[in-house]
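[1] sequence? don't have it. structure:
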């Protein structure tokens with residue numbers, strides 16, 4: 001992990017989450033545990049955790065006849081705090097490549113996305129402005145979150 005030996009070793013041994021065999025083992029374990037939603041970290045378009053891996057995870061889920069759904073945890077927010085225009089571009093990208101897939105999670109018919117952030121009310125404003133109610137946006141809690149004039153669809157801790 002980042003050039004250091006892992007502190008704990010997985011029962012699967014060393015593996016890549018991009019390996020279909022590993023994905024099947026994980027999906028099988030999540031099905032066994034009655035997990036109905038899985039969230040994959042996403043660092044933006046054209047990253048190593050992008051199209052091939054997410055598509056493979058959703059395809060394997062469907063191939064296994066699992067009812068589990070997938071979404072992403074938007075990780076860029078914690079380091080870059082992108083403006084509404086960049087967020088909109090990223091949401092459009094996700095819509096083009098992933099949200100049409102039957103294994104993508106939806107709430108009230110809208111694609112679901114989680115946002116990892118370190119900021120305050122500004123993050124809510126940028127996401128809700130970029131979103132235009134097309135997505136179901138779940139933002140990580142922060143101190144004073146209930147005082148934000150704009151609220152996301154939901155919060156996560």
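    Thanks, I have it. Only a predicted model underlies this, so the values are computations on that prediction, with no experimental measurement involved.
[2] any idea which helix or strand in the chain has the lowest mean pLDDT?
    helix 77-80 (a mean of 84; mean pLDDT, DSSP states H and E).
[3] what strand or helix carries the residue nearest the centre of the chain?
    Centroid-nearest residue in the chain: residue 72, 1.1 Å away (criterion: C-alpha atoms, centre = their mean). Remark: residue 72 resides in strand 69-74, with elements defined by DSSP states H and E.
[4] quick one, helices of this protein?
    Ranges of helices within the chain are 20-32, 51-63, 77-80, 84-97, 121-131, based on DSSP state H.
[5] sort out which residues of the second one are buried, please.
    Burial within helix 51-63, assessed by neighbour count using 16 or more other C-beta atoms under 10 Å, is assigned to 53-54, 56-58, 60-61. Bear in mind the C-beta positions are built from the backbone N, C-alpha and C, glycine included.
[6] show the average pLDDT along it.
    What helix 51-63 shows for mean pLDDT is 92.
[7] where are the low-confidence patches of this protein?
    Along the chain, segments meeting pLDDT under 70 span 1, 48-49.
[8] what about the residue of the chain most remote from its centre? Give its phi and psi, please.
    Outermost residue of the chain with respect to the C-alpha centroid, by C-alpha atoms, centre = their mean, is residue 5; its distance is 26.5 Å. Main-chain dihedrals, residue 5, degrees, to the nearest 10: phi -60, psi 140.
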